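> Output the structure for:
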Amino acid sequence: QVQLVESGGGLVQAGDSLNLSCQVSGRAYMMGWFRQTPGKERAFVAAIGWNVPYTYYADSVLGRFTVSRNNATTVLYLHMTELKPEDTAKYYCAARDRPGSYHDRRDYDYWGQGTQVTVSS
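The predicted model follows:
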């Protein structure tokens, strides 16, 4: 069983940076960040292996967002830069304890409660 608690969302202006954190309790194989806006499906943002140095990004955030983790403190991070209004969404931390697709939300078994990020123009 894995428990996830996100923090760090807020209201920022376009071009600003923002850091999200996710406290992880339990063992995970793969960790991911997803985001969702009203009326749309939850979309993949970034993922990282917990014990391997592989990272994955959606095309829309590549070069602007960085996913990382601190294994000692079991915290997952998402460092977001050059934020755009279209990055506005509720961001979710996700985890799974088995192999699977890094970008398919259906392959993640555990989810945080989400944290809202709003980017004004």
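> and the spatially most central residue of the chain, what element?
Nearest to the geometric centre of the chain sits Trp33, at 2.1 Å (Cα atoms, centre = their mean). Using DSSP states H and E, the element containing Trp33 is strand 30-36.
> Could I have the CA atoms of that strand written out in PDB?
Included here for strand 30-36 are C-alpha records, laid out as PDB according to Å, rounded to 0.1, in the frame of the first residue of the first chain:
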ATOM      1  CA  MET A  30       7.200   4.000 -10.700                       C
ATOM      2  CA  MET A  31       6.100   7.500  -9.700                       C
ATOM      3  CA  GLY A  32       4.200  10.000 -11.900                       C
ATOM      4  CA  TRP A  33       2.600  13.400 -12.100                       C
ATOM      5  CA  PHE A  34      -0.700  13.800 -13.900                       C
ATOM      6  CA  ARG A  35      -3.000  16.800 -14.300                       C
ATOM      7  CA  GLN A  36      -6.600  17.300 -15.000                       C
END
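> Can you list the strands that that strand pairs with?
strand 43-49 (antiparallel), strand 89-96 (antiparallel) (DSSP bridges).
> Out of these, which is the most enclosed?
Burial of those is given as mean neighbour count (mean count of other Cβ atoms under 10 Å); strand 89-96 ranks first at a mean of 23. Placement of C-beta: from N, CA and C, glycine included.
> Now the element after that strand, going C-ward?
strand 110-111.
> and that next one, what's its mean pLDDT?
Strand 110-111 shows a mean pLDDT of 96.
> ok so, going back, Ser25 is nearest to which of the strands paired with strand 30-36?
strand 89-96 (9.9 Å; Cβ to Cβ).
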